[in-house]
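Chemist: pasted the sequence and its predicted model underneath.
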Amino acid sequence: MSILRADLPLAVLAELTHRCPLQCPYCSNPQQLLSARDELSTADWKRVIDQAAELGALQIHFSGGEPMMRRDLDELVGHAHAAGLYSNLITSGVRSGRDRLTALAQSGLDHVQLSFQDTDVQSAERIGNYSGAQDKKIAFAEEVCAAGLPLTINAVVHRQNLARLGEMIELALALGAARLEIAHVQYYGWALRNRGALMPTRAQVEAATRTVDAARRRLNRRLVIDYVVPDYFARRPKACMGGWGRRFMNITPSGNVLPCHAAETLPGITFDSVMDRPLADIWRSSVAFEKYRGTAWMPEPCRSCDRREIDWGGCRCQALAITGRADDADPACELSSNHQMITTLAEAESAETSDAFSYRRYHRPTA
Ligand code: SF4
Ligand code: FES
């Protein structure tokens, strides 16, 4: 398939490390986490940054795990700045300090996204399994604003914190954020393992939508709120990652290049590494990026649907997780013959009585 200028990647998500002080039970990292010795070196990441800029990417998101666990983060941010990329730091905010943030700002960091687990301190620190996190996050947010950097608050919401969504909006305002991203948990990896403890009820989702609508009207121009109805309660799927291989590249700590963070769950696909091929080659012609790019791969009902170039058939990883087949239409879609599966799952799992988490942890591979 030929790649049009418009189909060049908008952004690269650089997962610098899987190391993280927090253990959120909905983490988007794979269940088999990579250790520090598997991570790309500083020189390798710099080469990847140059290749991303040459390819035409405009932004780089430094993520993880916790990207602050990398001592070379300032150097990588500076390199991205010199290459002309807009840089965004996605962080838990618990591994910083004023000096570190000042160094990042001086290196050319453009934006910070800070995650909050809840507004209730006890609940927040239980969700992340990290005592003392909330005070550190609040102090970090103040430092971000003092450094003159724009701040976005990320709030991942689920059954155990949705009751405080209104308070989360107030917290974002109080911290001086310009934007609040309210993201319902997406059920891949660790979140799939914890689905019964996280799935909201339909009543919670409807109340959340009303809260967001009212806040948007009230806070127009003071706080931008991004919010999408969760897939398990939706009638049409979202365009996952803006469409497979259309806007984003996700680079794992060891250098594998993925169309989405969960792509390695898809069976039978080999993902190329930046250690073996230039990024542009991988983007343009790798088997993995070509696999679900465009519309030619689509089955019915997507193939003849007038939304096929709007949502690109939804999410492959979700189709796999629910139906067992990555090539199916996303069951979040009402037109899918599997839609009832997702609706039934949502009802059953939201009625789960156990709130216990299986925390994100390193574990030995099973033989
Ligand atoms: Fe999207 Fe396919 Fe559903 Fe159409 S049938 S709305 S393309 S998922
Ligand atoms: Fe992989 Fe949606 S998360 S395609």
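Modeler: Cool, got the structure. Ligands and ions are numbered 1, 2, ... in the order given.

Chemist: element containing the nearest residue to Gly64 once chain neighbours are set aside?
Modeler: Closest residue to Gly64 apart from its sequence neighbours, by C-beta to C-beta, 6 or more residues apart in numbering: Thr17 at 4.9 Å. Every C-beta, even on glycine, is put in place using the N, C-alpha and C of the backbone. Secondary structure assignment for Thr17, by DSSP states H and E: no helix or strand.

Chemist: so where do the helices sit in the stretch 101-250 of the chain?
Modeler: Here the stretch 101-250 of the chain has its helices, by DSSP state H, counting those that start in this stretch, at 121-128, 133-146, 165-174, 189-193, 195-198, 202-219.

Chemist: in TSV: the ones you listed, plus mean pLDDT and distance to Thr265.
Modeler: Converted to TSV, the helices of the stretch 101-250 of the chain look like this (pLDDT from 0 to 100; distance: least, C-beta to C-beta, whole Å):
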stretch	mean pLDDT	distance to Thr265
helix 121-128	98	23
helix 133-146	96	28
helix 165-174	98	29
helix 189-193	93	7
helix 195-198	96	14
helix 202-219	96	25
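
Chemist: output those as JSON lines; include the columns mean neighbour count and distance to ligand 1.
Modeler: Formatted as JSON lines, the helices of the stretch 101-250 of the chain follow (neighbours: other C-beta atoms under 10 Å; distance: least, C-beta to the nearest ligand atom, whole Å):
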{"stretch": "helix 121-128", "mean neighbour count": "18", "distance to ligand 1": "31"}
{"stretch": "helix 133-146", "mean neighbour count": "19", "distance to ligand 1": "37"}
{"stretch": "helix 165-174", "mean neighbour count": "19", "distance to ligand 1": "28"}
{"stretch": "helix 189-193", "mean neighbour count": "21", "distance to ligand 1": "20"}
{"stretch": "helix 195-198", "mean neighbour count": "21", "distance to ligand 1": "21"}
{"stretch": "helix 202-219", "mean neighbour count": "15", "distance to ligand 1": "20"}
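
Chemist: for Ser273, find the nearest of those.
Modeler: Closest to Ser273 of the helices of the stretch 101-250 of the chain, according to C-beta to C-beta: helix 189-193, at 20.2 Å.

Chemist: with just CA atoms, put that closest one into CSV.
Modeler: Coordinates of each C-alpha in helix 189-193 appear next as CSV, following Å, rounded to 0.1, in the frame of the first residue of the first chain:
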residue,chain,number,x,y,z
GLY,A,189,-3.2,-6.7,29.5
TRP,A,190,-3.3,-5.9,33.2
ALA,A,191,-6.8,-4.4,33.0
LEU,A,192,-8.2,-7.5,31.3
ARG,A,193,-6.9,-9.5,34.3
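
Chemist: could we number from 43 for the rest of this?
Modeler: OK, 43 is where the count begins now, so the last one is helix 231-235.

Chemist: surely Ala304 and Tyr230 touch.
Modeler: Yes: using C-beta atoms under 8 Å, Ala304 is in contact with Tyr230, at 3.9 Å.

Chemist: for those two, indicate the residue with more neighbours.
Modeler: Legend: neighbour count by other C-beta atoms under 10 Å for Ala304 and Tyr230, higher for Ala304 (26 against 23).

Chemist: let me see the contact set for the residue in the stretch 93-242 of the chain that ligand 1 sits nearest to.
Modeler: Closest residue of the stretch 93-242 of the chain to ligand 1, C-beta to the nearest ligand atom: Gln228 (16.1 Å). Residues near Gln228 by C-beta atoms under 8 Å, 6 or more residues apart in numbering: 68, 70, 273, 360.

Chemist: how much space is there between it and ligand 2?
Modeler: Using C-beta to the nearest ligand atom, to the nearest Å, Gln228 is found at 7 Å from ligand 2.

Chemist: got phi/psi on that residue?
Modeler: Dihedral angles phi and psi of Gln228 (degrees, to the nearest 10) take the values phi -110, psi 130.

Chemist: and it, how far from Leu215?
Modeler: From Gln228 over to Leu215 the distance is 26 Å, taken as C-beta to C-beta, to the nearest Å.

Chemist: and Thr243, by the same measure?
Modeler: Taken as C-beta to C-beta, the span from Thr243 to Leu215 is 27 Å.

Chemist: got it, and Arg350?
Modeler: 39 Å.

Chemist: mind listing what the closest residue to Cys375 other than its chain neighbours touches?
Modeler: Computed as C-beta to C-beta, 6+ apart, the closest residue to Cys375 that is not its neighbour in sequence is Pro279, at 5.1 Å. By C-beta under 8 Å, 6+ apart, the contact list for Pro279 reads 273, 353, 355-357, 360, 372, 374-375.

Chemist: next: Pro301.
Modeler: Contacts of Pro301 by C-beta under 8 Å, 6+ apart are 283, 286-287, 290-292, 330-331, 334.

Chemist: how about the residues you listed in TSV, adding distance to Thr365, neighbour count and pLDDT?
Modeler: Shown next, in TSV, are the contacts of Pro301 (distance: C-beta to C-beta, whole Å; neighbours: other C-beta atoms under 10 Å; pLDDT from 0 to 100):
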residue	distance to Thr365	neighbour count	pLDDT
Met283	19	24	94
Trp286	17	24	97
Gly287	21	27	96
Phe290	24	22	96
Met291	26	25	97
Asn292	23	23	97
Ala330	21	21	97
Phe331	23	25	97
Tyr334	15	26	97
